[in-house]
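Student: I need the structure of the sequence given here:
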Amino acid sequence: MARQQLPPQIKKIELQKKERGKALVRYQLVVDAGVDPVTGRRKQIRKRFSNEADARDELANIQSEVARGVHVHSQETTVEKVINDWLASKHSLKPSTANGYRVTLDPVVRELGSIPAQKLTRRHLDDLIVELRAGGLSVGEKTAKRKKWTPRSVNYMLTLMSAALEDQVKQGSLVRNVAKLVDKLPGETHEMKTWVPADVEKFLEMTDGDQYSHAWFLALCGLRRGEISGLQWKYVDLDAALLTVAVSRVSFAKTISEGAPKSRRSSRTLPMPDDLVSALKAARKRQAADRLLLGGAWADTGYVVVDREGNPPTPNTLSYWWKASIKKAGVPTIRLHDARHTCATLMHLRGVPIAVIAAWMGHASAAFTLSTYAHAQDPALLDAASYAPVVTIRDKTASS
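Tutor: Okay, here's the model as predicted:
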């Protein structure tokens, strides 16, 4: 059988180096790989093989990928650059959200950032997850160590990493997204703590007249911490008993940022209950007295929640005084955000329709409200037990 002629892309060459008295033979492949999507230039691939069969197989593989438009050009783009480029492309993100992305992806950049993206493997990510779950990795430039990451934090990191890699796949710079191959961790159930009505009444009574007592009313009426911090008097109509949530004030990386609320549904106008109206009127009187006392030293910022000098406290400061107020009132300890959770839960237990609760809380859907915020409390379950019917199933056939 006649020997098959070599294709023009493969050339047989003899090296100067000899083995057993004979010159070593190599098969050099030079093949057009199409246009590089990054540089816009045509690119050739040059490789050498020790035998003809391997050279032919690689030629066929490359030509097939180029013809199907799935060939990925060899690059040394690092994981760090992939992440930075992806973050830079997210023009619509709020500053606080963008910072959250960077913080979440920081261990990936720190531990895997120097690896070429095409050489990133599932094992790299699996090993990183083990380290994150164990704790101890360094944080930024500090000597402090990271705490153990929860499954939720790990899964969030994988979601962001997958999005960054998928962006490169779509651009034709990566052949596959290895983050998709990593199994997500099973979630841990942490039921949020809430107050029963007696706790709410005791807390509000014990903190009545305090500088931030009206902030606690707002929290227990379902407003987020950022919504409370960003609320201004121009969005409050005491005569009509209406309150508009239009601004959120959040803190991140030692920065205070103001912007639109968390989502489109979070911008909402709410009718205020009488107790909240009274609390806000009392707050205005306190602030008027402080303004009169300080004169020109008073900062007329326009915020509803301010300190004695008229300056709005940072969101973290609000959380600090919330804890102090709980200690003063002697009620069970819950987070400031759990006041919002308490509001939704108590509304649910009082028979308010879930769709109405979702609108009040500023949620995108009633299903999210029901699954995340509204759950039964132990006292309510005890009450329900007295009304639960007892169903007895008898085998009438057997007894007859």
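Student: identify the residue nearest V109 in space, chain neighbours excluded?
Tutor: Closest residue to V109 apart from its sequence neighbours, by CB to CB, 6 or more residues apart in numbering: E80 at 5.0 Å. C-beta coordinates here come from the backbone N, C-alpha and C atoms, glycine included.
Student: contacting residues around that neighbour?
Tutor: V109, G113, S114 (CB atoms under 8 Å, 6 or more residues apart in numbering).
Student: then T269?
Tutor: With contacts defined as CB under 8 Å, 6+ apart, T269 is in contact with L242, L243, T244, V245.
Student: phi, psi for it please.
Tutor: phi -110, psi 130 (degrees, to the nearest 10).
Student: picking that back up, and which of the contacts of E80 is nearest D199?
Tutor: Taking CB to CB as the measure, D199 lies nearest V109 of those, at 43.7 Å.
Student: pLDDT weak spots in the protein?
Tutor: 1-3, 34-42, 65-75, 138-145, 188-191, 253, 373-400 (pLDDT under 70).
Student: domain ranges for it?
Tutor: Using automatic domain parsing, the domain parsing of the chain gives 10-68, 79-181, 197-383.
Student: how about those domains in JSON lines, adding distance to G187?
Tutor: What follows is those, written out as JSON lines (distance: least, CB to CB, whole Å):
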{"stretch": "domain 10-68", "distance to G187": "38"}
{"stretch": "domain 79-181", "distance to G187": "6"}
{"stretch": "domain 197-383", "distance to G187": "13"}
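Student: dihedrals phi and psi, the closest residue to A355 other than its chain neighbours?
Tutor: The shortest distance from A355 to any non-neighbouring residue, by CB to CB, 6+ apart, is to A366 (4.7 Å). The phi/psi pair for A366 (degrees, to the nearest 10) reads phi -70, psi -30.
Student: buried stuff in stretch 160-175?
Tutor: Neighbour counts over stretch 160-175 (16 or more other CB atoms under 10 Å) mark L160, M161, S162, A164, L165, E166, D167, Q168, G172, S173, L174 as buried.
Student: greatest separation within these: which pair is it?
Tutor: L160 and G172 (21.3 Å).
Student: element containing the residue most central in space within the chain, please.
Tutor: Geometric centre of the chain, nearest residue: Y156, 6.2 Å, by CA atoms, centre = their mean. Secondary structure assignment for Y156, by DSSP states H and E: helix 151-170.
Student: who does that helix touch, helix- and strand-wise?
Tutor: Judged by 3 or more CB pairs under 8 Å, 6 or more residues apart in numbering; DSSP states H and E, helix 151-170 is in contact with helix 79-88, helix 95-112, helix 122-134.
Student: coming back round to it: between the domains of the chain, which one is nearest to Q4?
Tutor: Per CB to CB, nearest to Q4 of the domains of the chain: domain 10-68, 9.0 Å.
Student: which strands and helices lie in contact with the biggest strand by length in the chain?
Tutor: Scanning the chain for the longest strand, with DSSP state E as the assignment, gives strand 22-35. Counting contacts by 3+ CB pairs under 8 Å, 6+ apart, strand 22-35 is packed against strand 10-19, strand 42-49, helix 52-68.
Student: with distance to V178 and mean neighbour count added, can I get the ones you listed in JSON lines?
Tutor: Shown next, in JSON lines, are the helices and strands packed on strand 22-35 (distance: least, CB to CB, whole Å; neighbours: other CB atoms under 10 Å):
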{"stretch": "strand 10-19", "distance to V178": "32", "mean neighbour count": "11"}
{"stretch": "strand 42-49", "distance to V178": "23", "mean neighbour count": "13"}
{"stretch": "helix 52-68", "distance to V178": "19", "mean neighbour count": "15"}
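Student: before we move on, back to that, which of the buried residues of stretch 160-175 sits closest to M206?
Tutor: L160 (42.7 Å).
Student: hang on, isn't the closest one packed against R102?
Tutor: No. Counting by CB atoms under 8 Å, R102 is not a contact partner of L160; they are 9.8 Å apart.
Student: circling back: how many neighbours does the residue nearest to A355 have?
Tutor: Around A366 there are 16 other residues, counting by other CB atoms under 10 Å.
Student: flag every buried residue along stretch 293-303.
Tutor: W298, Y303.
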